[in-house]
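# A structural model of the following input is requested.
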Amino acid sequence: LQTESGRAKYAGGFEAARDIVRSAGTPLALYRGVMVNVIGVAPEKTIKLGANDWVRLLVRSHFGYLPVYGEVIAGGFAGMTQVIVTNPLEVLKVKIQTSNASFKEVMSDITGVTDLYEGAGACVARDMVFSAVLFPLYAHGKVALAATIVSMLGTGAGTATFWANLLAGSMAAGPAAIISTPADVIKTRIQQTREGEEQDVVPIEKGQSFLGVGADIVRDEGAAVLFSGWFERVVRSVPQFGVTLAVFDTLNTVAVDHGWILEKV
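Residues are numbered from 1 along each chain as shown. All right, here's what the predicted structure looks like:
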């Protein structure tokens, strides 16, 4: 939906999914490139979550408290650092998903490290914006939701905390996904496969800046195109980060209780 040809072919995500499954003859076609995600999700989330906590600790140590703008900075920094892992994964995944090429064929076209960081500017912009929105909303939301769950349902603090974290992560991921969609659209246009008549071909010059690509999209297709696929991003991000953040905080609590790490202040 984020490519020019995809937008011309499909009216929405459900139509695209139905056509992909029908054309391939199997629902597994919806999982093209999934192994790239499986391989990279652990280091990506480790960097993202660890960097956010580290910068929050530094800001709190410096000021004696954690201002909201410090939370935003910590989230933005986390998003920026994760691009070390995210961008190569995105390059491979997008090229696989916008062509009929296999992972091996895509890798054979990668001529060097710089190819794996194609579209890095757009990827940095997307991940910085996403994380700068996600983490502050989550941090404040989980506190408010935990108190609400305890008062309404009378559950124990431990149970309330887990469900509050799950809900807060899910609720924070929605607006974060929407706000960062323009950068994601630009990133996809830059990274997609361009060669071959049967592939998604979009006239974008290799090496063109992400701001330049964004300006071209707005000029030729309209600003609304920058939010193509926002709903599908929300559908993916809400459960992903609800579970990720809830599990992370649960494991962090267990580690503190066992004395494996120091408690966050």
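# list the buried ones in the one helix or strand R60 maps to?
For R60, the host element (DSSP states H and E) is helix 34-63. Of all the residues in helix 34-63, those buried under the rule 16 or more other Cβ atoms under 10 Å are 36, 40, 44-45, 47-49, 51-53, 55-56, 59-60. To be clear about C-beta, it is placed using only N, CA and C from the backbone, and glycine gets the same treatment.
# in a markdown table, list the residues you listed along with distance to V247 and pLDDT.
What follows is the buried residues of helix 34-63, written out as a markdown table (distance: Cβ to Cβ, whole Å; pLDDT from 0 to 100):
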| residue | distance to V247 | pLDDT |
| --- | --- | --- |
| V36 | 22 | 83 |
| G40 | 18 | 84 |
| E44 | 15 | 93 |
| K45 | 10 | 93 |
| I47 | 16 | 96 |
| K48 | 14 | 97 |
| L49 | 10 | 96 |
| A51 | 18 | 97 |
| N52 | 15 | 97 |
| D53 | 15 | 95 |
| V55 | 21 | 97 |
| R56 | 19 | 96 |
| V59 | 25 | 96 |
| R60 | 23 | 95 |
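# hey, which helix is longest across this protein?
Identified as the longest helix of the chain according to DSSP state H is helix 120-153.
# from what I can see V124 touches V83, true?
Yes: counting by Cβ atoms under 8 Å, V83 is a contact partner of V124 at 5.1 Å.
# looking at the two, which one has more neighbours?
Higher neighbour count among V124 and V83: V83, with 24 against 21, using other Cβ atoms under 10 Å.
# tell me which residue lies farthest from the centre of this protein.
Counting by Cα atoms, centre = their mean, the extreme residue of the chain relative to its mean C-alpha position is G154, 34.7 Å from that point.
# what's the next secondary structure element after the longest helix of the chain?
Per DSSP H and E, the first helix or strand lying C-terminal to helix 120-153 is helix 157-179.
# immediately after that following helix, which helix or strand?
Next helix or strand after helix 157-179 toward the C-terminus (DSSP H and E): helix 181-191.
# let's see that next one as PDB, backbone CA atoms only.
C-alpha atoms of helix 181-191 as PDB (Å, rounded to 0.1, in the frame of the first residue of the first chain):
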ATOM      1  CA  THR A 181       3.900   6.700   9.000                       C
ATOM      2  CA  PRO A 182       5.100   9.500   6.600                       C
ATOM      3  CA  ALA A 183       8.700   8.600   7.300                       C
ATOM      4  CA  ASP A 184       7.900   4.900   6.900                       C
ATOM      5  CA  VAL A 185       6.300   5.500   3.500                       C
ATOM      6  CA  ILE A 186       9.300   7.500   2.300                       C
ATOM      7  CA  LYS A 187      11.600   4.700   3.600                       C
ATOM      8  CA  THR A 188       9.700   2.100   1.700                       C
ATOM      9  CA  ARG A 189       9.800   4.000  -1.500                       C
ATOM     10  CA  ILE A 190      13.600   4.400  -1.200                       C
ATOM     11  CA  GLN A 191      14.300   0.800  -0.300                       C
END
